[in-house]
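> dropping the sequence and predicted coords here.
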Amino acid sequence: MIPVVLAAVLVSAHVAAASSGTSTLTLLYSWAGILGGLAVLGALFTKYIWPSARSLKNFFSDWEGRPARPGVPEQPGVMERLSNQDVRLETLEFDVKTIKHEVHLNSGQSIKDIAQRTEQKVDSLHARVDAIDQLREGERVQRSD
């Protein structure tokens with residue numbers, strides 16, 4: 001490829017020199033400068049601009065999503081993922097509502113209501129056991145006298 005380009009440059013430089021009256025060597029220097037400048041621009045493009053362009057391409061590819069390929073699952077696009085978030089948000093809202101219902105006093109069926117009734121019953125049993133213990137303690141004192 002490079003020899004073909006060089007041959008084309010030499011031929012065009014010779015033809016241009018013959019028609020314009022400038023020397024072939026001057027035109028070759030001009031072409032060498034242009035090609036050298038293009039090579040520098042190509043190197044700069046490859047080093048600085050191409051990675052950014054590739055990142056931008058990856059961003060848009062992620063935005064649009066990717067179809068499934070053999071061995072690689074489908075990757076949904078941003079809009080599809082956002083629409084799925086609505087369903088997840090509704091589920092979370094329902095779950096939070098259910099949890100709130102269970103941890104506040106309400107109709108008597110929540111966990112908090114049941115725990116409060118259980119605590120009251122345990123306190124009542126504790127008071128009865130204390131009363132029985134006091135009666136037994138009183139009986140022991142009377143027997144020992």
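Thanks, I have the structure now.

> how is this structure partitioned into domains?
Each domain of the chain is listed here as a residue range: 1-67, 82-145, per automatic domain parsing.

> average pLDDT across the last one?
Spelled out, it's domain 82-145. Rounded to a whole number, the mean pLDDT of domain 82-145 is 86.

> any idea how far it is from the chain center?
42 Å (CA atoms, centre = their mean, to the nearest Å).

> mind jotting down where the helices sit in this protein?
Remark: helices of the chain, listed N- to C-terminal, are 2-20, 24-44, 50-64, 78-103, 111-144; assignment by DSSP state H.

> nearest to P73, out of the domains of the chain?
Between P73 and the domains of the chain, the shortest gap by CB to CB is with domain 1-67, which sits at 9.3 Å. Using the backbone N, CA and C atoms, a C-beta is placed for each residue, glycine as well.

> export stretch 128-141 to CSV, keeping only CA atoms.
Once non-C-alpha atoms are left out, stretch 128-141 reads as follows in CSV (Å, rounded to 0.1, in the frame of the first residue of the first chain):
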residue,chain,number,x,y,z
ARG,A,128,-49.6,-13.7,89.7
VAL,A,129,-46.4,-15.6,90.2
ASP,A,130,-45.1,-12.9,92.6
ALA,A,131,-48.4,-13.1,94.5
ILE,A,132,-48.0,-16.9,94.8
ASP,A,133,-44.4,-16.6,95.9
GLN,A,134,-45.4,-14.1,98.6
LEU,A,135,-48.1,-16.5,99.8
ARG,A,136,-45.7,-19.4,100.0
GLU,A,137,-43.1,-17.2,101.8
GLY,A,138,-45.8,-16.3,104.3
GLU,A,139,-46.7,-20.0,104.8
ARG,A,140,-43.0,-20.8,105.5
VAL,A,141,-42.7,-18.1,108.0
